[in-house]
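Chemist: Pasting the sequence and the predicted model now:
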Amino acid sequence: MRSRRWMVVLIVGLAGLLAVTGCKKRSRKGGIGSDDVVGVTGTDVYGGPLEGDRFVDGMEMRGQFSVVYFDYDSSQIRDSERAQIEEVASYLSSNPGVNLIVEGHCDERGSNEYNLALGERRALAIRAYLVGLGIDGARVTTKSFGEEQPVAAGHDEMSWSQNRRGEFVLVQ
């Protein structure tokens, strides 16, 4: 019982810290799809140049890899999703100068605090799998968005299943 109370205090404290530091929304200017996308960098798994490998503002790249989906109220990686993470590990192994942010997302069900914690557990599960595949943990950070960035706006299982996800952002 005592450890459960400690865990609740930790989660509430982290949620409070996130609330205090804020999640500043990015403006569209300089974001993905803007005219500020610069540079083509990177190599494919065979060491050749990777076409279309573009970093935003010379720093970030999104959408390079498939999304990892999760079951309802779960941070366990499905067997069917492991190949997506293995593809990311392969890329990172071939590109030691590139780091990664793993973003955890949730559907709209549950409180904001709960979903932030669940999103973090999902991102940490993906990170742990990458580390298990030999990727240096110092190269992989995590961020939880909870329910704040849905990709599907519906209020049904089809939409919710698309929002329970982990996404990858490459950082140069």
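Modeler: Everything's here; your move. Residues are numbered from 1 along each chain as shown.
Chemist: where's the nearest residue to residue 155 once chain neighbours are set aside, which helix or strand?
Modeler: In space, and not counting its chain neighbours, residue 155 is closest to residue 108: 7.2 Å by CB to CB, 6 or more residues apart in numbering. (Each C-beta comes from the backbone N, C-alpha and C, glycine too.) Following DSSP states H and E, there is no helix or strand that holds residue 108.
Chemist: can I assume residue 108 is in contact with residue 146?
Modeler: No - with contact defined as CB atoms under 8 Å, residue 108 does not count as touching residue 146 (9.5 Å).
Chemist: Compare the two and say which is more crowded by neighbours.
Modeler: Per other CB atoms under 10 Å, whichever of residue 108 and residue 146 has more neighbours is residue 146, with 24 against 15.
Chemist: Check the spacing between the closest residue to the more buried one other than its chain neighbours and residue 151 real quick.
Modeler: The shortest distance from residue 146 to any non-neighbouring residue, by CB to CB, 6+ apart, is to residue 115 (3.6 Å). Here residue 115 is placed at a distance of 15 Å from residue 151 (CB to CB, to the nearest Å).
Chemist: the more surrounded of those two?
Modeler: Legend: neighbour count by other CB under 10 Å for residue 115 and residue 151, higher for residue 115 (24 against 11).
Chemist: now for the helix or strand hosting the more buried one, which elements pack on it?
Modeler: Per DSSP H and E: residue 115 is located in helix 112-132. Using 3 or more CB pairs under 8 Å, 6 or more residues apart in numbering; DSSP states H and E, the elements in contact with helix 112-132 are helix 2-21, helix 82-94, strand 99-105, strand 140-146, strand 165-171.
Chemist: One more pass at 10 Å, please.
Modeler: Judged by 3 or more CB pairs under 10 Å, 6 or more residues apart in numbering; DSSP states H and E, the packing partners of helix 112-132 are helix 2-21, strand 68-69, helix 82-94, strand 99-105, strand 140-146, strand 165-171.
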